[in-house]
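1. Here is the input, now give the coordinates:
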Amino acid sequence: MSSNIAESIKRAEHARDLLLNNRIEEARLSVQHVAATDIYAAMVQCNIGFMQAVMTFDRDLISESIKAIDDIIELLCRHRHKDNIMGYVMSYIKNRDFNKFTELEKHAELVYAEVLLIRAVLTFVEDADSLVSFVKGALKIKTSHSIFKELYSVMLQEEGVFDDEIQCGIKLGWGAFLLGLSLLPPKILRLLEFVGLEGDKEKGLQLSVEAEEMDKLRSFVIANGILNYETIALQFIKTEEYDDALAERIINKYLDRYKGSIMFVFHKGRRQLINRDIRGALVCYEECQNVPIEWTQVYHLCYWERMWGHAMILEWDKAAEFAMKLFNESKWSRTLFAYQFVAFQFMHDQSNSLMIDMAEKCPKYQLKIGGKHLHIEKFAIRKCRSFLRNDKFLCLPGIELLYVWRYIRLMDVSCKHKIIRLIESAISDIENIKPYYTDYPVDDWFLCNLLLAVTVADLGDRDHGLSLLRTALQSEDNIKVDHYYIAYAHFEIGVLYADSGDYNQARAHLRYAKEFSNKVKSYSLENRLLFRIHSALSSFPSP
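-> Numbering: from 1, shown residues only. As a prediction, this is how the structure comes out:
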């Protein structure tokens, strides 16, 4: 490695150390003076700017970050290898000859692919209503994917053409593409494969772990990515593949090096949450909040986790408190935060008049990403309108949110028994209060049976869970508003059949849930269910 590249990487490693020691602004300033000419200093600036833009969701910061990234792309293009016309044409037929590249050109090619991917994400966010922005972002992703694919192919075919730092970056980028795309439902994945994108979960995770173990400049990035996959993505989609030993190894490794690093203390909290040590997780999030840091938006992650943690131990008032803090301080999704406040506050004190104000505000902050309204925000708005329309009543909204985010299964046994009593009380009200609070008692009765089935099954009584779901589905034709209950009930039956080894019945119910939109055109929270169905079906043995 040339002295210039080595010095550039060393400078970037110093900035990384500052970043992981919670000194974010110092990290940015440490490379600012050379960012206009040094590709790795520019990459550090790019990543920090991206982090700030995404955490704040501030339009001005997003625009500033995009302008800075465009300047970085211009710098990288000056350092990338220049092919003649014949070489450019041949690059569409076969891999380029990287032995003809200088060391700087090789590094510039890798950093260009990385920065292009970040630029694509910000393109989607910058002008969320524009189809043109969506197309531009998609093209940038395709270009980044093509570069990583070529680099990985050359790395396998020609030993020694890339140094370890570049190999780490290649494994990071290509592994991230393979892993991320593998999580998409088959219909979307087939469309992406048609334009040359592909997914492979096992290979993607393998490459990611290899990149993390290389202990190079980028390794902390993929360490964070692996932990996001293990402790967040998998928990959202499925839990059977969660690798606790891998998560523990990475967390301990980085906390040994960077004691008190918010990034890894946060993941420590996530791991404790998954392992059902809810109060231990809350301690970690509080520790993160107590670290003085320039970007207070980092604390919003902690608010989010603390909100769910308190809800999981049925401290509804504290969950509502953190939902309100998020609404007042964060720009991520004020529509969702407004409804979460209403839901958790309703579980604590139904007489609180602030719920009405928040329910009325809920639709005013609806966002678009990539030209689309967020499905979870549509769900939140629908629920708030129902609350206002039905004399300020909702059926077990806090427990429903815990179910939607798959947190019921992580609750301790005593809390599960407490929510069973709440559900049984709600069922009794539906059956005995005449007239009922809403015009849709069957919807609420169905929801109660769905929540009860999931909870008792988590406690080990799968037969009772199946019985409750079958009973609920006898009334599916009478559902008036919340048709998502039906699709989710079929999904839960499918999962229970799979757990007992009856994959034929499991497939039948999962496919019914998958195709349910053909029956009702659309329903709430469809996309997240399709992810879970895809994940479940892909784990089944071949028929």
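
2. Who are the contact partners of N95?
-> E150, S153, V154, Q157 (C-beta atoms under 8 Å, 6 or more residues apart in numbering). From N, CA and C alone the C-beta is placed, and that goes for glycine too.

3. Pipe those into a markdown table and attach distance to D97 per row.
-> Formatted as a markdown table, the contacts of N95 follow (distance: C-beta to C-beta, whole Å):
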| residue | distance to D97 |
| --- | --- |
| E150 | 11 |
| S153 | 13 |
| V154 | 9 |
| Q157 | 11 |
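
4. Take these and keep only those in helices.
-> E150, S153, V154, Q157 (DSSP state H).

5. between those residues, which is nearest L217?
-> V154 (20.4 Å; C-beta to C-beta).

6. most centrally placed residue in this protein?
-> In the chain, the centroid-proximal residue (C-alpha atoms, centre = their mean) is A233; its distance is 5.5 Å.

7. and that residue, that's in a helix?
-> Yes: A233: assigned to a helix according to DSSP: H, G, I helix; E, B strand; the rest coil.

8. Leaving aside the residues adjacent along the chain, what's closest to it?
-> L183 (6.7 Å; C-beta to C-beta, 6 or more residues apart in numbering).

9. what's the burial count for that neighbour?
-> 19 (other C-beta atoms under 10 Å).

10. which residues touch it?
-> With C-beta under 8 Å, 6+ apart, L183 has these contacts: G199, K201, A233, I237, F531, H534, S535.

11. Kindly report the same for A343.
-> K383, L394, P397, G398, E400, L401.

12. Now find how far off-centre whatever helix or strand N224 lives in is within its chain.
-> Element membership of N224, judged by DSSP states H and E, is helix 219-228. The chain centroid and the centroid of helix 219-228 are separated by 14 Å under C-alpha atoms, centre = their mean, to the nearest Å.

13. List the buried residues for it?
-> Neighbour-count burial for helix 219-228 flags S219, F220, V221, I222, A223, N224, G225, I226, L227 (criterion: 16 or more other C-beta atoms under 10 Å).

14. again with stretch 376-395
-> Counting neighbours by 16+ other C-beta under 10 Å, stretch 376-395 gives 376-384, 386-388, 390, 392-395 as buried.

15. Share the number of residues neighbouring T37, please.
-> Residues near T37, counting by other C-beta under 10 Å: 12.

16. Got a ChimeraX select line for the buried ones in the contacts of N95?
-> Applied in ChimeraX, the following selects the buried portion of these according to 16+ other C-beta under 10 Å:
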select :150,154
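
17. Please, which helix or strand holds the closest residue to I237 other than its chain neighbours?
-> Leaving out its chain neighbours, the residue that sits closest to I237 by C-beta to C-beta, 6+ apart is S535, at 4.6 Å. In the assignment (DSSP H and E), S535 maps to helix 526-539.

18. quick one: low-confidence parts of the stretch 1-150 of the chain?
-> 1-3, 84-93, 124-137 (pLDDT under 70).

19. ah, wrong one, I meant the stretch 251-400 of the chain
-> Residues of the stretch 251-400 of the chain that meet the cut-off, pLDDT under 70, sit at 370-371.

20. can you give me the helices in it?
-> Here the stretch 251-400 of the chain has its helices, by DSSP state H, counting those that start in this stretch, at 262-274, 278-289, 298-312, 316-329, 334-348, 354-361, 375-389, 397-404.

21. Can you say which of those is packed in most?
-> Among those, ranked by average contacts under mean count of other C-beta atoms under 10 Å, first place goes to helix 334-348 (a mean of 25).

22. Hey, what's the angle from that one to helix 316-329? Just curious.
-> Here helix 334-348 points in a direction 160 degrees away from that of helix 316-329 (axes from the mean of the first three to the mean of the last three C-alpha atoms, to 10 degrees).

23. Would you mind writing the CA trace of helix 334-348 as PDB?
-> Extracted C-alpha coordinates of helix 334-348, given in PDB (Å, rounded to 0.1, in the frame of the first residue of the first chain):
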ATOM      1  CA  ARG A 334     -44.900  12.400  14.100                       C
ATOM      2  CA  THR A 335     -48.000  10.700  12.700                       C
ATOM      3  CA  LEU A 336     -47.000   7.400  14.200                       C
ATOM      4  CA  PHE A 337     -45.800   9.000  17.500                       C
ATOM      5  CA  ALA A 338     -49.100  10.800  17.900                       C
ATOM      6  CA  TYR A 339     -51.000   7.500  17.600                       C
ATOM      7  CA  GLN A 340     -48.600   5.700  19.900                       C
ATOM      8  CA  PHE A 341     -49.200   8.300  22.500                       C
ATOM      9  CA  VAL A 342     -53.000   7.800  22.100                       C
ATOM     10  CA  ALA A 343     -52.700   4.000  22.300                       C
ATOM     11  CA  PHE A 344     -50.500   3.800  25.300                       C
ATOM     12  CA  GLN A 345     -52.300   6.700  27.200                       C
ATOM     13  CA  PHE A 346     -55.600   5.000  26.500                       C
ATOM     14  CA  MET A 347     -54.300   1.900  28.200                       C
ATOM     15  CA  HIS A 348     -53.300   4.000  31.300                       C
END
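
24. Run the chain-centre distance for that helix.
-> Counting by C-alpha atoms, centre = their mean, helix 334-348 is centred 21 Å from the centre of its parent chain.

25. Could I get the buried residues of helix 219-228 in TSV, plus columns for pLDDT and distance to N252?
-> Listed next are the buried residues of helix 219-228 as TSV, based on pLDDT from 0 to 100; distance: C-beta to C-beta, whole Å:
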residue	pLDDT	distance to N252
S219	95	15
F220	93	14
V221	92	18
I222	94	17
A223	95	11
N224	93	15
G225	92	17
I226	94	14
L227	94	12
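
26. Report the two of those residues separated the most.
-> Farthest pair in these, by C-beta to C-beta: S219 and L227, 12.5 Å.

27. who touches both of the two?
-> The contact sets of S219 and L227 do not overlap (C-beta under 8 Å, 6+ apart).

28. Touching, H107 and I5? I think so.
-> Yes: with contacts counted by C-beta atoms under 8 Å, H107 reaches I5, the gap being 6.0 Å.

29. the more surrounded of those two?
-> H107 (27 against 20).

30. Helix, strand, or coil at that one?
-> H107 is classified as helix under three-state DSSP.

31. any idea how far F177 is from it?
-> 20 Å (C-beta to C-beta, to the nearest Å).

32. ok, back up a step: tabulate the helices of the stretch 251-400 of the chain (JSON lines), appending distance to L18.
-> JSON lines is the format used below for those (distance: least, C-beta to C-beta, whole Å):
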{"stretch": "helix 262-274", "distance to L18": "13"}
{"stretch": "helix 278-289", "distance to L18": "18"}
{"stretch": "helix 298-312", "distance to L18": "15"}
{"stretch": "helix 316-329", "distance to L18": "25"}
{"stretch": "helix 334-348", "distance to L18": "32"}
{"stretch": "helix 354-361", "distance to L18": "39"}
{"stretch": "helix 375-389", "distance to L18": "35"}
{"stretch": "helix 397-404", "distance to L18": "38"}
